[in-house]
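*Asks:* Sequence and computational prediction follow.
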Amino acid sequence: MVERHDWAAERLTQLEKTSWRQLRGRRSDEWLAGRLAAKDAVIALHGAASTGAAFWPEITTSVSDSDHGRPLTCAPYHISISHSHGLAVAAASTRPVGVDIEAHERRWPLNVLELITHVTERLPRPVRLLPAMAWSCAEAVLKQRGCGIRQGIDVVHLTRFTDEGVFEWTEHPPREGRGVDAPLCGFAKNLGSHSLALVWEQEPIKQHNDERAKS
């Protein structure tokens with residue numbers, strides 16, 4: 001408990017501390033772990049060591065109608081945070097990113113299992129995913145899209161899932177607006193007690209080559 005409060009005192013802003021103190025029990029622990037993981041991810045991406053870093057970036061929450069609840073941090077970084085049954089995970093990128101973690105022991109109501117069936121019905125046989133794996137893949141996609149599950153989890157239709165955890169999907173309705181043609185990558189892994197999924201925007205090959213040519 002003392003160590004947890006030390007971490008909060010050192011790494012949370014005053015606004016973040018206020019939000020954290022309103023939480024209780026496991027929710028409080030998972031929230032703190034997720035925020036600290038996100039801060040570490042941003043610092044690592046920024047190029048500073050997490051020990052003795054010059055800054056701990058503030059994590060705020062969007063209140064806009066389009067992406068309500070989405071975690072935000074200092075430009076040019078994008079972050080995503082997830083927690084479930086005692087574990088928390090975060091991802092950071094200079095492009096939109098989505099991460100989700102789900103516990104296998106989570107109880108799945110019948111209506112949710114029906115939604116998961118829609119998510120996986122286009123996978124070729126004999127591929128069968130555990131509910132937590134299918135849900136984490138779909139929610140990671142929606143987080144990267146910027147809307148979260150408010151859009152409806154069955155917007156996502158998984159079309160490929162390899163033994164290595166690489167997955168592909170389609171979205172209905174399709175994406176609109178800026179970045180709609182950006183190539184996306186999906187990776188998922190069974191951690192034993194949980195399923196983890198990550199979706200990120202692949203760096204365009206042309207831009208990568210141009211940057212190498214300038215260096």
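*Replies:* Looks like it arrived, so ask away.
*Asks:* which SSE is the residue sitting nearest the centre point of the chain in?
*Replies:* By Cα atoms, centre = their mean, the chain has its centre lying nearest to residue 99, at 2.0 Å. Using DSSP states H and E, residue 99 sits within strand 97-103.
*Asks:* buried set for the helix or strand just after that strand?
*Replies:* Using DSSP H and E, the helix or strand that follows strand 97-103 in sequence is helix 110-120. Judged by neighbour count (16 or more other Cβ atoms under 10 Å), helix 110-120 contains these buried residues: 115, 116, 118, 119, 120. For the C-beta atoms, the positions are set from N, CA and C on the backbone; glycine is no exception.
*Asks:* that older thread, would you confirm that the residue nearest to the centre of the chain contacts residue 89?
*Replies:* Yes - Residue 99 is within contact range of residue 89, at 5.7 Å (criterion: Cβ atoms under 8 Å).
*Asks:* Can you pull the residues that touch both of these two?
*Replies:* Common contacts of residue 99 and residue 89 (Cβ atoms under 8 Å, 6 or more residues apart in numbering): 81, 82, 196.
*Asks:* Emit the ChimeraX select command for whichever of those are buried.
*Replies:* This is the ChimeraX syntax for the buried subset of these, where burial follows 16+ other Cβ under 10 Å:
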select :81,82,196
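*Asks:* Show me the shared contacts of residue 99 and residue 89 that map onto strands.
*Replies:* Using DSSP state E, the members of those that fall in strands are 81, 82, 196.
*Asks:* For those, give me a markdown table that also has distance to residue 170 and pLDDT.
*Replies:* Putting those into a markdown table (distance: Cβ to Cβ, whole Å; pLDDT from 0 to 100) gives the following:
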| residue | distance to residue 170 | pLDDT |
| --- | --- | --- |
| 81 | 26 | 96 |
| 82 | 23 | 96 |
| 196 | 22 | 98 |
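*Asks:* Done for today, thanks.
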